[in-house]
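> Let's see this in three dimensions:
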Amino acid sequence: MSAQELAQRVVGRMYDNDPFSIWLGIERVVVEPGHCVLRMTARHEMLNGFAIAHGGITYSLADSCLAFASNSHGIQAVSVETSISHTKPVKDADVLTARSEEMSVSRSIGVYHITVTNQRDETVALFKGTVFRTGKPWFPEEAPIT
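You can find the predicted model right below:
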């Protein structure tokens with residue numbers, strides 16, 4: 001299986017077993033080894049008392065982007081540290097796009113930057129995530145015998 005096929009298969013399995021990302025309405029736009037682009041639309045029930053999207057919405061979109069990008073190499077990875085800066089308010093019906101950039105990846109640690117933009121290509125959030133790569137393959141039954 002190619003690296004691209006593996007990435008698609010891993011993220012497909014993750015997404016299909018991720019009711020929260022599904023509830024958010026996340027669409028997988030690009031899935032490649034170490035890279036992911038996701039899109040979703042902010043809905044009325046996601047707004048807070050200021051009539052803007054709750055900060056957890058952009059955080060959750062970026063966190064899903066981190067999870068999919070960091071696991072797309074076929075090795076199970078879990079976040080160990082994340083942070084977000086909200087740079088512009090998100091309004092009802094804004095279309096959000098999260099794009100990952102793999103900054104560093106080693107046997108055990110990966111560092112990713114996620115940029116979240118709106119439909120006007122304005123940056124609404126900047127997210128940084130560090131993951132621990134467990135060494136466990138997503139499909140151990142298909143791992144080559146050594």
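> quick one, strands of the chain?
Taking DSSP state E, the strands of the chain run over residues 27-32, 35-41, 75-86, 95-105, 109-117, 123-137.
> relative orientation of the shortest one and strand 95-105 in degrees?
Right, the one you point to is strand 27-32. Here strand 27-32 points in a direction 20 degrees away from that of strand 95-105 (axes from the mean of the first three to the mean of the last three Cα atoms, to 10 degrees).
> Partner strands of strand 27-32 and their direction?
According to DSSP bridges, strand 27-32 forms sheet pairs with strand 35-41 (antiparallel).
> Would you mind getting the angle between the partner strand and strand 109-117?
40 degrees.
> for the record, mean pLDDT for strand 35-41?
Averaged over strand 35-41, pLDDT sits at 98.
> Could you point out the longest helix of this structure?
helix 55-71 (DSSP state H).
> residues of that helix that come out buried?
For helix 55-71, burial by neighbour count (16 or more other Cβ atoms under 10 Å) applies to 57-71. Where C-beta positions appear, they are placed from N, C-alpha and C, glycine not excepted.
> Fine by me, we can end here.
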